[in-house]
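Peer 1: Build me a structure from this.
(one chain, ligands or ions: 1)
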Amino acid sequence: MTNTDTDIIIAGGGMVGAALACALAEQGFTITLLERREPDLEWPRDGYDIRVSAISRTSQNIFHNLGAWPHMTRRRVTPYEHMRVWESGGGTALPWAPQIQFHAADIGEPDLGHIIENRVIQGALWEQMQTLKNIEIRCPASISSLSLDEEAPSVILNDGTRMRAALIVAADGARSSLRELAGISTGGWGYDQTAVVCTVQAEAGNQSTCWQRFMPSGPLALLPMEQDLFSIVWSTTPKQAEKLLQMPPEAFDSALTQACEARPGRLRLLGERGAFPLRLQHAKQYIKPGLALVGDAAHVIHPLAGQGVNLGLMDMAELADILVLARNKGRPLGALHTLRRYERARKGENIAMQGAMDLFKRLFSNDIGPLRLARDLGMGLTEHAPLLKNLLIRNAMGILGEAPSLARAKQQG
Ligand SMILES: Cc1cc2nc3c(=O)[nH]c(=O)nc-3n(C[C@H](O)[C@H](O)[C@H](O)COP(=O)(O)OP(=O)(O)OC[C@H]3O[C@@H](n4cnc5c(N)ncnc54)[C@H](O)[C@@H]3O)c2cc1C
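Peer 2: Model prediction:
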């Protein structure tokens with residue numbers, strides 16, 4: 001390795017960047033983490049982040065193996081045991097209701113996953129980073145100029161500081177400025193949908209259940225938190241989203257309760273509402289000499305199956321394995337032949353997941369008769385095919401197939 005200021009510079013201390021910093025520091029690399037904005041690490045217990053993530057079993061394993069899981073459980077995590085997915089209205093001539101249910105007990109698992117507020121995840125990872133001596137956190141800091149090469153890529157920070165490293169990682173989110181500085185273009189499209197997010201209280205409690213209703217305007221997800229709360233992700237047309245954001249709380253409560261057919265009873269808004277325009281985006285390349293993209297900097301996906309950060313965590317776990325292997329073999333961390341292994345391992349999987357979610361979104365945003373009949377038939381057949389259901393749910397939990405070492409359960413104590 002050439003003489004550098006630090007082994008690895010990570011731009012972005014969100015969920016993926018902070019997890020990567022912990023993983024690489026644990027392996028003995030020196031890390032400089034640059035974060036543009038001071039994260040919110042302290043908040044009142046009765047305040048809820050309107051941004052939450054459905055965390056898969058593999059992501060839970062990653063947090064556990066990084067030592068961050070206890071910091072999360074101490075703050076707040078909510079396991080869920082059931083998932084109910086159904087479609088709006090009746091309409092087809094089929095003898096069964098178009099719905100699917102999944103239960104953790106059916107596959108011998110204690111739960112299907114956890115709902116965790118994003119600031120809980122980020123706060124826990126930042127707490128863990130502070131226990132690792134070989135991580136230097138610079139915040140607020142960002143990169144104004146980038147110079148790439150395989151041996152010693154370098155950056156100039158906004159305050160004029162110059163830094164060299166063996167590798168620079170862009171974990172700076174969907175609008176990655178590092179990706180732009182590196183001249184990596186993206187493909188994709190807007191969904192003409194906006195996700196309205198908020199926290200609500202449910203009259204009938206959350207029943208440890210994730211509910212998802214597909215409507216022609218977009219999916220509505222109710223993600224359980226604590227005993228009687230749900231975090232809502234309501235994807236709909238930008239026009240309806242605007243209306244939902246502007247209407248008085250009581251009118252919003254009625255609209256939401258009606259939209260989910262009052263399955264968990266009447267719902268009542270707690271606190272603020274937020275909105276996120278939805279798009280599919282994919283970086284044309286994940287790597288350049290001396291640079292790797294991870295998480296949303298590389299790919300942005302429709303949130304309907306709650307997979308975005310789970311994919312980003314798999315990116316970072318894979319990259320960590322590849323960098324450890326490269327160091328052990330004496331190969332430069334930023335060399336293309338090192339980084340190509342990472343791109344090969346992750347790009348195909350991320351594109352496949354994006355494609356599947358895109359197909360789902362299109363399939364369910366369409367009310368054409370034969371298409372509706374076909375998907376209701378598909379739902380009904382899946383509901384009555386336990387083996388297929390088990391396969392689907394195990395796939396969503398990330399417990400099928402090969403996983404990078406951090407994502408495996410074996411290191412749990
Ligand atoms: C409505 C909605 C619901 C979702 N639900 C789920 C879900 O249930 N499950 C799931 O897995 N995913 C979900 N996602 C996706 C998930 O939120 C993202 O995939 C995830 O936040 C990406 O994490 P990241 O660390 O890659 O990027 P980000 O979370 O965007 O973090 C990037 C970090 O980089 C910092 N930064 C930005 N620019 C710079 C710079 N120039 N220099 C330094 N720092 C910089 C930012 O301040 C931020 O801290 C959802 C997304 C949406 C919109």
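Peer 1: what's the distance between the residue in the stretch 51-200 of the chain that the ligand sits nearest to and residue 352?
Peer 2: Closest to the ligand within the stretch 51-200 of the chain is residue 173: 2.7 Å, counting by CB to the nearest ligand atom. Yep, even glycine has a C-beta here, placed from its N, CA and C like the rest. Applying CB to CB, to the nearest Å, the value for residue 173 to residue 352 is 22 Å.
Peer 1: quick one, which of those two is more surrounded?
Peer 2: residue 173 (21 against 10; other CB atoms under 10 Å).
Peer 1: Go ahead and report the secondary structure state at the residue of the stretch 51-200 of the chain closest to the ligand.
Peer 2: coil (DSSP: H, G, I helix; E, B strand; the rest coil).
Peer 1: for residue 110, same thing?
Peer 2: Once three-state DSSP is applied, residue 110 turns out coil.
Peer 1: phi, psi of the closest residue to it other than its chain neighbours?
Peer 2: Spatial nearest neighbour of residue 110, chain neighbours left out: residue 104 (6.2 Å); criterion: CB to CB, 6 or more residues apart in numbering. The phi and psi values for residue 104, taken as degrees, to the nearest 10, are phi -60, psi -40.
Peer 1: Check residue 104 and give its pLDDT.
Peer 2: We have a pLDDT of 93 for residue 104.
Peer 1: what's the answer for the one 3 residues further on, then?
Peer 2: As predicted, residue 107 sits at a pLDDT of 88.
Peer 1: For burial, what's the neighbour tally of it?
Peer 2: Using other CB under 10 Å: residue 107 sits among 16 other residues.
Peer 1: you'd agree it is up against residue 391?
Peer 2: No. Residue 107 lies out of contact with residue 391 (CB atoms under 8 Å); the separation is 9.7 Å.
Peer 1: that older thread, quick one: contacts for the residue of the stretch 51-200 of the chain closest to the ligand?
Peer 2: Residue 173 makes contacts with 12, 14, 295, 296, 297, as judged by CB atoms under 8 Å, 6 or more residues apart in numbering.
Peer 1: Go again with 6 Å.
Peer 2: Contacts for residue 173 (CB atoms under 6 Å, 6 or more residues apart in numbering) come out as residue 296.
Peer 1: Let me know the average pLDDT across stretch 236-256.
Peer 2: 98.
Peer 1: Listing request: residues of the stretch 301-413 of the chain with sub-threshold pLDDT.
Peer 2: Low-confidence segments of the stretch 301-413 of the chain (pLDDT under 70): 364, 366-375, 377, 379-381, 385, 389, 400, 411-413.
Peer 1: which helices and strands sit right next to the host helix or strand of residue 355?
Peer 2: Secondary-structure assignment from DSSP states H and E places residue 355 in helix 336-364. Counting contacts by 3 or more CB pairs under 6 Å, 6 or more residues apart in numbering; DSSP states H and E, helix 336-364 packs against helix 308-328.
Peer 1: re the thing from before, hang on, isn't the residue nearest to residue 110 packed against residue 111?
Peer 2: Yes. If you go by CB atoms under 6 Å, residue 104 and residue 111 touch, sitting 5.1 Å apart.
Peer 1: who has more neighbours, these two?
Peer 2: residue 104 (19 against 16).
Peer 1: Mark out where each domain of the protein begins and ends.
Peer 2: As recorded under automatic domain parsing, the domains making up the chain are 6-78+113-188+280-411, 191-279.
Peer 1: and the last one, does that touch the ligand?
Peer 2: Yes. Among the residues of domain 191-279, 195, 197, 233, 276 lie within reach of the ligand under CB under 6 Å from any ligand atom.
Peer 1: Stretch 64-79 vs the ligand: in contact?
Peer 2: No. Using CB under 6 Å from any ligand atom, we find that stretch 64-79 stays clear of the ligand, coming within 12.2 Å at best.
Peer 1: Buried residues in that stretch, which are they?
Peer 2: 64, 65, 66, 67, 68, 69, 71, 72, 75, 77, 78, 79 (16 or more other CB atoms under 10 Å).
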